[in-house]
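Novice: Pasted the sequence and its predicted model underneath.
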Amino acid sequence: MAPKLTFREQMDGFPWTQLLVVSLVRFSEPIAFTSLFPYVYFMVRDFHIAPNDAEVSKYSGYLSSCFALCQVVSAYHWGHFSDIYGRKCALSLGLIGTCTSLMVLGFSKNFYMALLARCMMGLLNGNVGVLRTMIGEIATERKHQALAFSTMPLLFQFGSVVGPMVGGFLLFKQSHGENIPNFFPHWLRGLVHRYPYLLPNIVVSIFLMVGLFNAILFLEETHPDLKYRRDYGVELGDFIKLHIFGIQPVSRPWNHLQLDTHNDDNPIIGDDSSVIHSDQDTTTEAVDHDTAPLIPSSGDSSDSEESIRSFGPILTRRQSVGLIREYSLHEPTDIPDADLELAFDGCKEDSIYHHVFHTSVFYPISVNFIMSLHLIVYNEFLPVFLAYDLAQDDKGNLLSQFPWKISGGIGYSPDQTGALLSSTGIFGCFVVIFIFPVVDRSFDCLTIFRTLVKLYPIMYLMVPYVIFLQQDHIPRWCTIVYLYLITGTKTLCGALTSPQIMLLIHNCSPLSCRAVINGATISISALARFVGPLAWGYIMSWSQEFDVAWLSWWSLGLISLIALFQSYKIDPIDEEDEEPGAASIEEARPHSRPSLSSFSNHRRPSELNNS
């Protein structure tokens, strides 16, 4: 087991700059996702699509499920798109797509137009999987990865503060008793009166546009084959940093990358090897196998040793594998040619199914599926449950009877729900910033995950009984404390377990297939987010109709227990390994020459040292 790092050691060399840029992109997306929660119940009810209030949950589930179903269809293709055209291009298009869909949602006058908007939001944005891949490519050292991946839930918590606040406090619906402020211009008052759900989506779109311009100007491409391609947006950002903020930008690789052919003074492997740098469209390098042998003769061994030292102190994994292949011709191996070719040539289409369902990555992906299912149901339907009117008889007594007869909700308004979710999001930020680093340094991934997942069943058991606090002899603050206890527990567990499961998936994935597996993971998680709201929309509507509202929440508790049992099948991460499967590949002898991409990450020693 690796020794525990101090905070100073863990932060040494941490890639703050690019992670901050990525964070601004990521921050805008949970705002768009969570801004709908406070008012979705009222939006569906105002569309008059549900025959009665008990059926509102079912149609709210449709809105959530169609978004997730479209993510199932598109997430893998967005991951594949980012492999071809770059991560930055995929992120930018995703932000534009989300902004467009929000405008359609804001102008919706009926349920089916809102359904179309949610479908567009799922189809036109695959940024979650792309962002996970980018973070893995930015934070390449194992000691940085847990903290880097924790930025995802941290930013979701920040978005969970702003999103519900925007959705709850910027909804002015006269039928709900909220009057449009007098300081609004006349044209805006008319627009809000005609489209009451437009203003929150306009504000969220502004956040998305800020994230888009930030990505265009300051986000660097991380794709290993495309990051040396000239980026005019980054050049414009460098100009802004230099001439407006007085910050000297770093030298970009496309400014000094030169075409080297048959450079005998600085060979890659052996004295007779030659390297050809391609043009600036791909900026990758290849070994010229037609004109020079890959393996030097025995008489060139001293020159080969010098060529190894010429790489400098830092070697990419591909270079290391190439060197080991050179000097391990006589080492026995049981690894087939196909696996070696996969390690060098990238993730083959017919291997995706194998890597997702037949390797160690299956169990963390399956746990992620279950976690996504019950958490999306909680996120979507807790506001709906709280928005149901309090079920009372003519004398003002509760119709619910402890413990089995539970119906209705507690009559929360959009601004009350928004305040609850936003303040809980603030607590989540505190957890990720202050608690997560301490916990992560003290315990391993699986210990943290397994411990906290045990709290979910208890939390779901408590949810429906908030109704029994709505009595005259019980102070109102008891309801607030009770709800914050529930939402705080969920936030604590989510903030600490989400980066752990992402890290487990990342480190269980083969290096060459991480982008594709991340895309597949998002698709599988989106499938859970499709099934969950669709199924629990029916369950909640049925349970409200038959006065057994506890059923929908207790069933979630059973689902969370399955995730706990499944987590004990996940293999722990070996903190000493830099890459999964690297050792086995590096012990292999070559059966055929490596592909031209096997040295695509090579740069001169000076460039390696500067990086």
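Specialist: Everything's here; your move.
Novice: Distance check, the spatially most central residue of the chain against Ser498.
Specialist: Centroid-nearest residue in the chain: Val128, 3.8 Å away (criterion: Cα atoms, centre = their mean). Counting by Cβ to Cβ, to the nearest Å, the gap from Val128 to Ser498 is 11 Å. The way it works is simple: take the backbone N, C-alpha and C, and place the C-beta from them, glycine included.
Novice: shared neighbours, these two?
Specialist: Counting by Cβ atoms under 8 Å, 6 or more residues apart in numbering, Val128 and Ser498 have no contacts in common.
Novice: ok, Tyr62 - contacts?
Specialist: Contacts of Tyr62 by Cβ under 8 Å, 6+ apart are Leu115, Pro533, Leu534, Gly537.
Novice: mind listing what the closest residue to Ala32 other than its chain neighbours touches?
Specialist: Distances taken as Cβ to Cβ, 6 or more residues apart in numbering place Val204 nearest to Ala32, at 5.1 Å, with adjacent residues excluded. Residues near Val204 by Cβ under 8 Å, 6+ apart: Ser28, Ile31, Ala32, Ser35, Leu102, Gly163, Val166.
Novice: rerun at 7 Å
Specialist: Residues in contact with Val204 (Cβ atoms under 7 Å, 6 or more residues apart in numbering) are Ile31, Ala32, Ser35, Leu102, Val166.
Novice: now swap in Asn201 and tell me
Specialist: Leu102, Met103, Leu105, Gly106.
Novice: out of everything not next to it in sequence, what's closest to it?
Specialist: Gly106 (3.6 Å).
Novice: Tell me if I'm right that the one you found and Arg194 touch.
Specialist: No. Gly106 is beyond contact range of Arg194, at 11.0 Å (criterion: Cβ atoms under 7 Å).
Novice: higher neighbour count, those two?
Specialist: Gly106 (20 against 10; other Cβ atoms under 10 Å).
Novice: I'd like the distance between that one and Ala114.
Specialist: Taking Cβ to Cβ, one finds Gly106 at 10 Å from Ala114.
Novice: before we move on, what about Leu375?
Specialist: Applying Cβ to Cβ, the value for Leu375 to Ala114 is 23 Å.
Novice: Neighbour count: the two, which is higher?
Specialist: Set side by side, Leu375 and Ala114 show more neighbours around Ala114, with 26 against 23, by other Cβ under 10 Å.
Novice: Touching, that one and Phe107? I think so.
Specialist: No. Ala114 lies out of contact with Phe107 (Cβ under 7 Å); the separation is 9.7 Å.
Novice: one step back: for the residue nearest to Asn201, which residues are in contact?
Specialist: Tyr195, Tyr197, Leu198, Asn201, Ile202.
Novice: now, which of those residues sits nearest Thr417?
Specialist: Looking at the contacts of Gly106 and their distance to Thr417, the nearest is Tyr197, at 14.9 Å (Cβ to Cβ).
Novice: buried subset of the contacts of Gly106?
Specialist: Neighbour counting with 16 or more other Cβ atoms under 10 Å marks Tyr197, Leu198, Asn201, Ile202 as buried within these.
Novice: residue ranges for the strands of the stretch 451-600 of the chain, please.
Specialist: Ranges of strands within the stretch 451-600 of the chain: none, based on DSSP state E, counting those that start in this stretch.
Novice: Ile206 is in contact with Cys99, correct?
Specialist: No. If you go by Cβ under 7 Å, Cys99 and Ile206 don't touch, sitting 9.2 Å apart.
Novice: So these two - more neighbours on which side?
Specialist: The neighbour comparison of Cys99 against Ile206 (other Cβ under 10 Å) goes to Cys99, with 23 against 14.
Novice: So the more buried one lies in a strand, does it not?
Specialist: No. Applying DSSP: H, G, I helix; E, B strand; the rest coil, one finds Cys99 to be helix, outside a strand.
Novice: who's in contact with it?
Specialist: Taking Cβ under 7 Å, 6+ apart as the test, what Cys99 contacts is Ser205, Leu208, Met209.
Novice: ok, back up a step: from the buried ones among the contacts of Gly106, which land in strands?
Specialist: Judged by DSSP state E, the buried ones among the contacts of Gly106 include no members of strands.
Novice: How is this structure divided into domains?
Specialist: 7-227+354-567, 256-347+587-610 (automatic domain parsing).
Novice: For stretch 469-479, buried residues please.
Specialist: Here stretch 469-479 shows Leu469, Gln470, Thr479 as buried, counting by 16+ other Cβ under 10 Å.
Novice: Please apply the same query to stretch 116-128.
Specialist: Ala117, Arg118, Cys119, Met120, Met121, Gly122, Leu123, Leu124, Asn125, Gly126, Asn127, Val128.
Novice: Verify the stated contact: the third one with Ala68.
Specialist: No. Shown here, Cys119 and Ala68 do not form a contact pair, counting by Cβ under 7 Å, at 10.3 Å.
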